[in-house]
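Q: my questions concern the predicted model and sequence given below.
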Amino acid sequence: RHRGAPWKARGRGEANMAEATVVPEFEDIKVCVREIKLANPDMGIGKIHAAVKEKNPTWQVSQDRVKKILADMVVVQGGKVIKGQVNKSDPTLTPQQIAKKKTEAALAKKKEEAKKKAGGGGQGG
């Protein structure tokens, strides 16, 4: 029976794992993400995730978790309230319905532009 290379160390020690990573409380991650986002408003999800990991090397945080926090976050920039970093679509719609809505909106916009170019009188269609 082949057991792999015997000279390679196998990470089976639980003590090692406990020192290496910690799953932080949701609020702790939220505070950290907020601090980074406010200091760097132009930073995207990937860079914020990297900054969180750099600031807290023992934390085990996924990029998806950072994304969710950013989506729920409210940021005030220049007196305007901006909800979240990520554009959240209507959660009741399926991805297909969302795509259909976007396509219809784009087509309607193109139609309007075409009307303007043609000098579009008061014709409806």
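A: Noted; the coordinates are in hand. Numbers count the residues shown, from 1 in each chain.
Q: go ahead and confirm L70 touches I48.
A: Yes: counting by Cβ atoms under 8 Å, a contact exists between L70 and I48, whose distance comes to 7.0 Å. Every residue, glycine included, has its C-beta placed from N, CA and C.
Q: overlap in contacts, those two.
A: Between them, L70 and I48 have 33, 37 as joint contacts when contacts are counted by Cβ atoms under 8 Å, 6 or more residues apart in numbering.
Q: how many neighbours does K37 have?
A: K37 is surrounded by 19 other residues when neighbours are defined as other Cβ atoms under 10 Å.
Q: and it, what's its pLDDT?
A: The score at K37 is 86. That number is its pLDDT.
Q: other SSEs contacting the helix or strand that contains it?
A: Element membership for K37 (DSSP states H and E) is helix 26-39. In terms of contacts (3 or more Cβ pairs under 8 Å, 6 or more residues apart in numbering; DSSP states H and E), helix 26-39 is packed against helix 45-55, helix 63-72.
Q: with just CA atoms, put the first one into CSV.
A: Taking only C-alpha atoms (Å, rounded to 0.1, in the frame of the first residue of the first chain), the coordinates of helix 45-55 have been written out as CSV:
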residue,chain,number,x,y,z
ILE,A,45,-13.4,43.3,-1.9
GLY,A,46,-10.2,41.4,-2.7
LYS,A,47,-7.9,44.1,-1.4
ILE,A,48,-10.0,44.6,1.7
HIS,A,49,-9.9,40.8,2.4
ALA,A,50,-6.1,40.9,2.0
ALA,A,51,-5.9,43.9,4.3
VAL,A,52,-8.0,42.1,7.0
LYS,A,53,-5.8,39.0,6.8
GLU,A,54,-2.7,41.2,6.9
LYS,A,55,-3.9,43.1,10.0
